[in-house]
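Trainee: Need the 3D shape of this:
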Amino acid sequence: MKLAEVLRVTLLSTAIVLGIAGCGSDTEMTQEELQYISHLDQARFFQKQGELKASTLEARSAIELQPQRSEPYLLIINNLLIAGDAVNAERQLDELLERIPDQSLNSTERNRAHLIRAEALLMKGRHEQALATLEQLDSPGSEEQLEADLLKGRILIDSGQLEQAGEVYRQARDTNGNAIMPVIGLARVAWLSGDPEQANELLDTASQIDESHPELWLLKARIAEANEQWGEAETAYIRALEDIGQYDVMTYRKYETISALINVLRAQGKAKEAFVYEEILAKSAPGTIKANLTAAQAALQENDLESAAGYLEEILAQAPEHQQGALLLGLIRLRQGRVEEAESLLAPIAETGELEAASKLLAATRLSLNDIEGAREAIADLEGNESDPSVMALVGITALASGDSETGERIIESALANKPDYHTLRLRYARYLVQAGRTEDALEHIRMLTDVPALRDDAWQLMVQAYASNGQLDQAVAASEQWIEKQPENSRALLVRGELALQNEEPDAAERYFEQARETAPETAAPLVALARLSLYRENRDAAIAHYREALATEPNTTEAIRGLSELLTPEELAADMEEILAGQPDAIAPRMVLLEQALLAENHTRADELTAILLERTAENQPAEAEPLVAKLYYDTAARKMAEDNTAEAQRLLDRGRALFPDQLDIAVASASLAFRQGRPEQARRIVEETRLAHPESDRPLVVEAEYLANEGNHKAAARMYQLALEKQSRVVTELAHARELNRAGDPEAAIAALEQAMQTWPNDPRLPLTLALFAQNQTQPDKAKQAYKRALELDSDNILALNNLAWLYFESDHPDALQLAERAYKLAPQSGSVADTYGWILFNKGFHEDSLPILEKAYELEPGEQIALHLAEAYKATGQQEKADALLEKL
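Mentor: Next up, the predicted model:
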């Protein structure tokens, strides 16, 4: 077969055999596969960047497209292991293997599952089971074997079998001469065996291989710490954290490393520096706020308001006082037309009760979305225009929230200069400065507020926080005591002082302050919640439960107390507690929400209806119940959970009920239409879509739902038109890709390419757009355009396997000198992909490296025993004098 006849458009994914073109295979991929692989590549990219949440979301999107494939499940489970959640990782692996029978997995997938389970078992301290799991590996490849050997070495060290661990590491080193981890493992064994000289020699060897490797610095740090060489240990831990600290969640390794660094700092008397890291650990307890905020900002950049709002709601559910979260969600709600919610969220920022508040918030919203002209139009209608400090405040705060610090600071400083008594703005600006680490600048503003009656407590608490976050613990304590001296009966001041004592590992002192706060404010729950946390610190579970219960008896809507009890009690015990609270305080919302969630999950329809009716009961005819948005979200979330469990009947019942209760709720309406389409009820689905479009004329989501249905039905022209209408409402990358896909499937690839080129003007930094453009151009035999697009994709994502592989092939066809280099990079990134191995091996062969190409082509054929790869392998056999093998292979064809 002539190479000119081979069309090399391949879509690659590293651990799953996808029906991908090798050299010359059928290149017509389904669009579902295109989307699936795109999501999977993005999931791997985000995982590599340490963005585990984004990685998991992309993997879930891949699962929605092809739920029978195992790779995205395994990637999500691996993310759990990275985060340190061995229990859930093993549980989800069990669930996966129940859904996908073992015999349907290929050997690579089975081996990956065994390695994941062994890692989870090691983290749980179950060494024998972990070793037994590794024995189940079936003919692992070289990289799998290395990973297994390294894991086995860790298991043996952890179980005290140092001699056996050393033997495993030596074998791994002999087999993988350039690998650093076996050397580090041997160094660790030598150190633990009491041979520091040998350990140091091995560390020197490892440094010559890769002096920046985090595991190398971790081992150096531990050895230095054990030798009480505190300075060296500090330096090494910090170097290790440069890599380990990249993750967007508090992973186990990150937590463990920071904890060790804290010990080293304290050993040197560096209490202030240690306190900074202790703050990091303390703030990471919920574990998701930072990740959610990052995801929300990313969604905002893509004009994906619904997703951004979901992330921000998660933040506020965990931390109701999170200022940036409240600000951004308020801006989103106003853009969505939900003015009341926006006003309640943004009241701390705007002056409450001002008649011009809505226009000011609208201007801020448009600025946050980079709609400069729209913001100017809104401000132009305000009395005083841009000279109004409150307008400037909202514009400045919005600029800060969107990341434009220079502009935001300049505007806010100007607003405060024009109106020095704009105290609420000054306080919020001081909070921003504290978060930015500009302590002295923040304190300058805070000191101007400590005598303002309405903001006195906020100012004092922020002063303490400013000192503490800057590592100035003594000053933080002094400020809190000065606050108490001025207001000895202030429970908030006492609680802040108690928290400082607890952070300083003085639980008895903390208890005294918490008890004083309890005496001065017996009607509030905060002191009781603080005492509950103190009890947990002391590992006194019963006392913590008692304090949480007392807190709820005092203030039944205290979410922190409910959350605390939910972690300590069984569902039955929690329900009994909530019922008891409601018996005494029937107007409480939070306990009833807990009971409603339990009833919905248990499909106790009668009980759920009773609870819903009470929660939605209005106190005024034209005013929704306070709990209405919470109940609506709970119905939607529960329906989503039922869908994830494949319980579509219950999901439909919940969505139907939700639409009846909340006819204007966009999430529920869109989910209802989507489910109706999926269940073969298009007429009903279209009625829902039309109703939703009328209720939410600004939203693109109803159009997208119908477009997806048309695409699945094969009506690609109509789907493309519907996606175009959606894009006129709101541009999103996923919609741009879907629009181009449907144009291509409708037989108009040139229009698809043009649409992608236009989309790249709007979204120049998203690698999915040039990658898809390159694929379409390559299919249309436009190699120059395809090359340029692949190069752009690699500029944005240098390790994109698909772009590397396909560009390598295009270069090979045009005799470009970089073809072999790109193919080799792709192979190193995806050694378990038959298509990638075939590309690399065939280019090697044609460059004259016949012997070198043979094992790679053999591996390619083993992974994907297709006709074209077999032909390439046969040529390699012939060229290396193995005619019999070539004949046998060709005979099979």
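Trainee: which secondary structure elements does the helix or strand containing residue 614 contact?
Mentor: With secondary structure defined by DSSP states H and E, residue 614 is part of helix 605-615. Applying 3 or more Cβ pairs under 8 Å, 6 or more residues apart in numbering; DSSP states H and E, we find helix 605-615 packed against helix 590-601, helix 628-644. All C-beta atoms are positioned from the backbone trio N, CA, C, and that covers glycine.
Trainee: again, only using 10 Å
Mentor: Applying 3 or more Cβ pairs under 10 Å, 6 or more residues apart in numbering; DSSP states H and E, one finds that helix 605-615 contacts helix 590-601, helix 628-644, helix 648-661.
Trainee: Please identify the deepest-packed of those.
Mentor: Highest mean neighbour count of the helices and strands packed on helix 605-615: helix 590-601, a mean of 21 (counted as mean count of other Cβ atoms under 10 Å).
Trainee: gap between that one and the chain center?
Mentor: Relative to the chain's own centre, helix 590-601 is displaced by 27 Å; criterion: Cα atoms, centre = their mean, to the nearest Å.
Trainee: the inter-axis angle of it versus helix 628-644?
Mentor: Counting by axes from the mean of the first three to the mean of the last three Cα atoms, to 10 degrees, helix 590-601 points 30 degrees away from the direction of helix 628-644.
Trainee: Just want the angle from helix 590-601 to helix 605-615.
Mentor: For helix 590-601 against helix 605-615, the angle by the same axes, to 10 degrees is 150 degrees.
Trainee: how about the CA coordinates for helix 590-601, as CSV?
Mentor: What follows is helix 590-601, C-alpha atoms only, in CSV (Å, rounded to 0.1, in the frame of the first residue of the first chain):
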residue,chain,number,x,y,z
ALA,A,590,-32.5,23.8,58.2
PRO,A,591,-33.7,20.8,60.2
ARG,A,592,-36.7,20.3,57.9
MET,A,593,-34.4,20.6,54.9
VAL,A,594,-32.3,17.7,56.3
LEU,A,595,-35.5,15.6,56.7
LEU,A,596,-36.6,16.5,53.2
GLU,A,597,-33.3,15.4,51.7
GLN,A,598,-33.5,12.1,53.5
ALA,A,599,-37.1,11.6,52.3
LEU,A,600,-36.3,12.4,48.7
LEU,A,601,-33.4,10.0,48.7
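Trainee: Check which helices and strands it sits against.
Mentor: helix 559-568, helix 571-584, helix 605-615, helix 628-644, helix 648-661.
Trainee: Can you pull out the low-pLDDT segments for the stretch 401-550 of the chain?
Mentor: Of all residues in the stretch 401-550 of the chain, those with pLDDT under 70 make up the ranges 401-404.
Trainee: Surely residue 714 is in a helix?
Mentor: No: looking at residue 714 with DSSP: H, G, I helix; E, B strand; the rest coil, it is coil, so not inside a helix.
Trainee: Would you quantify the distance from it to residue 723?
Mentor: 15 Å (Cβ to Cβ, to the nearest Å).
Trainee: rewinding a little: just tell me which of the helices and strands packed on helix 605-615 ends up closest to residue 515.
Mentor: With Cβ to Cβ as the criterion, residue 515 lies closest to helix 590-601 of the helices and strands packed on helix 605-615, at 25.6 Å.
Trainee: possible to save the helices and strands packed on helix 605-615 as CSV with distance to residue 273 and mean pLDDT?
Mentor: Listed next are these as CSV, based on distance: least, Cβ to Cβ, whole Å; pLDDT from 0 to 100:
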stretch, distance to residue 273, mean pLDDT
helix 590-601, 39, 95
helix 628-644, 41, 93
helix 648-661, 51, 94
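Trainee: just checking, residue 329 touches residue 317?
Mentor: No: at 11.2 Å, residue 329 does not count as touching residue 317 under the criterion of Cβ atoms under 10 Å.
Trainee: quick one: buried residues of stretch 509-516?
Mentor: Buried residues in stretch 509-516, defined by neighbour count with 16 or more other Cβ atoms under 10 Å: 510, 511, 513, 514, 516.
Trainee: Which segments of this protein make up each domain?
Mentor: What automatic domain parsing lists as the domains of the chain is 212-283, 420-487, 493-568.
Trainee: And the first one, how far out from the chain middle?
Mentor: Relative to the centre of its chain, domain 212-283 is centred 24 Å away, using Cα atoms, centre = their mean.
Trainee: Report the buried residues of stretch 515-528.
Mentor: By 16+ other Cβ under 10 Å, the buried positions in stretch 515-528 come out as 516, 517, 518, 520, 521, 524, 525, 526, 527, 528.
Trainee: Which of these sits closest to residue 665?
Mentor: Closest approach to residue 665 among these (Cβ to Cβ): residue 525, at 31.0 Å.
Trainee: pretty sure that closest one contacts residue 550?
Mentor: Yes: assessed by Cβ under 10 Å, residue 525 is found in contact with residue 550 at 8.2 Å.
Trainee: got any residues that touch both of the two?
Mentor: Here residue 525 and residue 550 have 532, 561 as joint contacts, going by Cβ atoms under 10 Å, 6 or more residues apart in numbering.
Trainee: Save the helices and strands packed on helix 590-601 as CSV, and put in distance to residue 30 too.
Mentor: Output for the helices and strands packed on helix 590-601, formatted as CSV (distance: least, Cβ to Cβ, whole Å):
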stretch, distance to residue 30
helix 559-568, 44
helix 571-584, 43
helix 605-615, 40
helix 628-644, 23
helix 648-661, 24
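Trainee: before we move on, back to that, just the angle between the helix holding residue 614 and helix 648-661, please?
Mentor: Using the same axes, to 10 degrees: helix 605-615 against helix 648-661 is 30 degrees.
Trainee: residues of helix 605-615 that come out buried?
Mentor: Across helix 605-615, burial judged by 16+ other Cβ under 10 Å covers 608, 611, 612, 614, 615.
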